[in-house]
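A.B. asks: Let me see the structure of the following:
(2 chains)
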Amino acid sequence: MPPAELNPAAFDVLLAWLNNDRERAGVEYELLRARLSLYFERRGAADSALLVDQTLDTLARRLAAGLEIHHNSRITFIFGIACNLLRDSLKKHPSLPLDRDIEAPADYNTESEHRLACLERCLSSLSPGAADLVQAYYRHQGAEKIAAHRRLTQTLGISPEALRRRIFRIRQSLAECTRRCISRSREV
Amino acid sequence: MATYGARDEQQIRQYLLGRAEPDEALHPVEERSFDDREFLQSVLDCEAALIDEYLDGDLDPHERNLFEHNFLRSQRRRAQLQFASDLRLKARAEASAALSQTPFRNGRSARRPAPHSDGLKSILLLAAGVLLCVAAPSVILLMQRQGLSRVSPQTEPAAAQLPPRQEAPSLVFRLIPGTDRAQGASQRRLSLPSNAASVQFELTLDRAVPYTVFRASLQTVDGAELWSRENLRMKEQGSETQTPRISVTVPASNLPPETLVIVLSGLAGSRWQPVSDYTFRVLKE
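C.D. replies: Coordinates of the predicted model:
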């Protein structure tokens, strides 16, 4: 889905530039977002998500205006936009306040109920095997955790690394589903 | 499919835990991520792994410091941390519910709860216990006077706003360190209803401690560990009258009718240092 401010036509041009196949272009778009997030986060940007959107908006508008970017100079061009936006952002917000008060993970509040309800819903939308696997993976702690992970690798006949990758894929889609669910429940 | 070795993984970890100046040139990890989609995926996997290691207390002190100062500066990663924590909570609550339901279901046969149904109920019950604690300061004061008390959700008005009550209520107990042994454990009685699913212990601290992450170990008086939980965090102090405390929920099935001790430790470097212990006696109703 294009960012709210971006002209849909410009967004379509961006997707077409990323890949001729619309579905693959969507994947490429998300990957580009991830790359830009890493870039901004490492450089201490106050609002990485906003800067990522702005970078992609700028890129889309330039492409929609007819600019041709050679394949070999894509990285230079995209991160050139990103660098300029970051510099402007840091002029407005010179230093990111360091918030050491990391939210207590197990702290329940009203919002956490919504989060957990969404998580519950998203877990139930997974295939039973995937839901059981991810819950089995995170059920234990300490020495029990190590033994449980070993049992899972033996049961599935895969390496610990393959198990970890499989878990992270499930977790990624679960996180995305939960994020969307929370956004929807806020809109209601 | 490309594979990445330990050297790559180490480079990615250093990248994710590090910081760069705004004008600094692209890091090799950033350049490679741009052209190699699988490498980018391995960077994202490494982010998830770091979050897991942080929540499991597996990062060494230096990495933990970098994680908190650099890695968590990103709102996206904080959301990821919260999600990973929720997922653990959900998985463990479901496991606890499955355990605790077995002996307390009034003659029903033991069974695993239906996938994704009873788990939420038990989570909401725990939430109810905490909300009750927050919403009813008079109850807290009462508990402080008694040292250890039980709050019955059935009799508390605040509970009316909470999710529908369930067959197996969660109980909230507040424990104060230091005085337990002096007064004798017999005065710290936890009367556990037969249908209780879990007990939320509020472990108050009588002094400031330099730790942010805690571990609670439930032990017999002989020192045998019955149950433990790590990565606990101090509850925020809402007012000057509120004492700092750690909240931990123990499945009722882990509370045999005898004198028990909760040993609270704080994470210092890579070691757990004792903070306080709380002795009480469990009586089954």
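
A.B. asks: can you point me to the longest helix in chain B?
C.D. replies: Longest helix of chain B, by residue count under DSSP state H: helix B:75-101.

A.B. asks: Now residue A:69: phi and psi?
C.D. replies: phi -110, psi 120 (degrees, to the nearest 10).

A.B. asks: unless I'm mixing things up, it is touching residue A:75, no?
C.D. replies: No - with contact defined as Cβ atoms under 8 Å, residue A:69 does not count as touching residue A:75 (10.1 Å). C-betas here are computed from N, CA, C, even on glycine.

A.B. asks: How about the longest helix of chain B and chain A, touching?
C.D. replies: Yes - against chain A, helix B:75-101 shows contacts by Cβ under 8 Å from any Cβ of the partner chain at B:75-92, B:94-95.

A.B. asks: show me where pLDDT drops low in chain B?
C.D. replies: B:1-4, B:96-170, B:178-187, B:222, B:236-242 (pLDDT under 70).

A.B. asks: buried stuff in the helix or strand of chain A with the lowest mean pLDDT?
C.D. replies: Lowest by mean pLDDT, DSSP states H and E among the helices and strands of chain A is helix A:110-125, with a mean of 84. Across helix A:110-125, burial judged by 16 or more other Cβ atoms under 10 Å in any protein chain shown covers A:112, A:113, A:115, A:116, A:117, A:118, A:119, A:120, A:122, A:123.

A.B. asks: ok, the closest residue to chain A within the stretch 1-150 of chain B to residue A:112 distance?
C.D. replies: Of all residues in the stretch 1-150 of chain B, residue B:85 sits closest to chain A, at 3.1 Å by Cβ to the nearest Cβ. Using Cβ to Cβ, to the nearest Å, residue B:85 is found at 10 Å from residue A:112.

A.B. asks: In terms of helices and strands, where is residue A:90?
C.D. replies: Residue A:90 is part of helix A:74-92, with elements assigned from DSSP states H and E.

A.B. asks: Touching that helix from outside, list them.
C.D. replies: Helix A:74-92 is contacted by residues A:32, A:36, A:39-40, A:43-47, A:51, A:54-55, A:58-59, A:69, B:22-23, B:26, B:30-31, B:34-35 when judged by Cβ atoms under 8 Å, 6 or more residues apart in numbering or on different chains.

A.B. asks: mind redoing it with 6 Å?
C.D. replies: Residues from elsewhere that reach helix A:74-92 (Cβ atoms under 6 Å, 6 or more residues apart in numbering or on different chains): A:36, A:39, A:43, A:45, A:51, A:54, A:55, A:58, A:69, B:22, B:34.

A.B. asks: quick one: average confidence on that helix?
C.D. replies: For helix A:74-92, the mean per-residue pLDDT is 89.

A.B. asks: for stretch A:164-174, same thing?
C.D. replies: The model assigns stretch A:164-174 a mean pLDDT of 93.

A.B. asks: helices and strands around the helix or strand that contains residue B:7, which ones?
C.D. replies: Following DSSP H and E, the helix or strand that holds residue B:7 is helix B:6-17. Packing contacts for helix B:6-17, counted by 3 or more Cβ pairs under 6 Å, 6 or more residues apart in numbering or on different chains; DSSP states H and E, involve no helix or strand.

A.B. asks: quick one: buried residues of that helix?
C.D. replies: Quick answer for helix B:6-17 (16+ other Cβ under 10 Å): B:8, B:9, B:11, B:12, B:13, B:15, B:16, B:17.

A.B. asks: what is the orientation angle of that helix with helix B:75-101?
C.D. replies: If you take axes from the mean of the first three to the mean of the last three Cα atoms, to 10 degrees, helix B:6-17 sits at 110 degrees to helix B:75-101.

A.B. asks: Tell me which residues are up against helix B:6-17.
C.D. replies: B:27, B:29, B:43, B:46, B:66, B:70, B:71.

A.B. asks: buried subset of the residues of helix B:75-101 next to chain A?
C.D. replies: Buried among the residues of helix B:75-101 next to chain A (16+ other Cβ under 10 Å): B:76-92, B:94-95.

A.B. asks: Break down chain B into its strands, ranges please.
C.D. replies: B:170-175, B:189-192, B:198-204, B:214-220, B:225-232, B:245-251, B:259-268, B:271-284 (DSSP state E).

A.B. asks: Looking at those strands, spot the one closest to chain A.
C.D. replies: Nearest of the strands of chain B (Cβ to the nearest Cβ): strand B:225-232, 5.9 Å.

A.B. asks: and the closest one, which strands flank it?
C.D. replies: Paired neighbours of strand B:225-232 in the sheet (DSSP bridges): strand B:214-220 (antiparallel).

A.B. asks: what comes up buried for the strand it pairs with?
C.D. replies: Quick answer for strand B:214-220 (16+ other Cβ under 10 Å): B:214, B:215, B:216, B:217, B:218, B:219.

A.B. asks: what is the nearest residue to residue B:274 once chain neighbours are set aside paired to in the beta sheet?
C.D. replies: Nearest residue to residue B:274, sequence neighbours excluded (Cβ to Cβ, 6 or more residues apart in numbering or on different chains): residue B:265, at 5.4 Å. Counting by DSSP bridges, residue B:265 is bridged to residue B:215, residue B:274.

A.B. asks: ok, residue B:265 - contacts?
C.D. replies: Applying Cβ under 6 Å, 6+ apart as the definition, the contact partners of residue B:265 turn out to be B:215, B:272, B:273, B:274, B:275.

A.B. asks: which of these count as buried?
C.D. replies: In the contacts of residue B:265, the ones that pass as buried (16+ other Cβ under 10 Å) are B:215, B:272, B:275.

A.B. asks: Among these, which one sits closest to residue B:224?
C.D. replies: residue B:215 (16.4 Å; Cβ to Cβ).

A.B. asks: So which bits of chain B are right by chain A?
C.D. replies: Proximity of chain B to chain A, by Cβ under 6 Å from any Cβ of the partner chain, involves residues B:20, B:22, B:30, B:33-34, B:45, B:48, B:73-74, B:83, B:85-88, B:90-92, B:95, B:116, B:120, B:123, B:127, B:130, B:230, B:233.
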